[in-house]
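1. my questions concern the predicted model and sequence given below.
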Amino acid sequence: MKPVGSAAGALKAAATRIGITVDEYQAHIAAGRKWCTGCKTWHPITAFRRDPSRTDGLSARCQESRNSKARKDYRPRPRPAAGRRFVPVRDGDQKQARRRVNHLVDVGLLPPPNTLPCTDCGHTWQPGQKRHEYDHHLGYAAQHHEHVEPVCTDCHTTRTHSRKGIY
């Protein structure tokens, strides 16, 4: 009696699955061919990709079968309209407004704030001095996310406190 899961049992099961004898199956294997489960034909083993999870180390489907299935199943994603592609604007979202301005600086649509003088006091930035920031002077409403003014950190603090009623 052979143990369950033996190599001979696996060969017999594989041959039966495709409808040939074990001897025919072994002849194909000895000739360097492998059965493709996708297109149901024999191919040279060079037509199969590596798959270390399988016992023979090769994929169950030939590369051409894999490619044709991928082409058949492919569904192109709709392309957004040309121009800026942002997520929908959320009204009052400070984090989104700041990230939007940082993105505009990164892609060159807004100059870095340190290259511009302070709108309030006229201070020009020099290395080692207080830096400049963009202030959402009209608030964080959706329509004002990109309306900003460059100000130094001192003027930005003063503006923020005056809006909150601290000064």
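-> Received the coordinates, thanks. Numbering: from 1, shown residues only.
2. need the phi and psi values for residue 133.
-> Backbone torsions for residue 133, taken as degrees, to the nearest 10, come to phi -140, psi 160.
3. can you give me the strands in the protein?
-> Using DSSP state E, the strands found in the chain span residues 33-35, 42-44, 48-50, 58-62, 132-135, 149-152.
4. need those in CSV (columns: mean neighbour count and distance to residue 143).
-> The way it works is simple: take the backbone N, C-alpha and C, and place the C-beta from them, glycine included. Written out in CSV, the entries for the strands of the chain read as follows (neighbours: other Cβ atoms under 10 Å; distance: least, Cβ to Cβ, whole Å):
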stretch, mean neighbour count, distance to residue 143
strand 33-35, 18, 63
strand 42-44, 15, 61
strand 48-50, 13, 53
strand 58-62, 20, 54
strand 132-135, 22, 17
strand 149-152, 22, 16
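5. turn those strands into JSON lines, including mean pLDDT and distance to residue 69.
-> As requested, those are arranged in JSON lines below (pLDDT from 0 to 100; distance: least, Cβ to Cβ, whole Å):
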{"stretch": "strand 33-35", "mean pLDDT": "96", "distance to residue 69": "17"}
{"stretch": "strand 42-44", "mean pLDDT": "97", "distance to residue 69": "15"}
{"stretch": "strand 48-50", "mean pLDDT": "96", "distance to residue 69": "13"}
{"stretch": "strand 58-62", "mean pLDDT": "96", "distance to residue 69": "8"}
{"stretch": "strand 132-135", "mean pLDDT": "94", "distance to residue 69": "51"}
{"stretch": "strand 149-152", "mean pLDDT": "94", "distance to residue 69": "55"}
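6. no further queries at this time; thank you.
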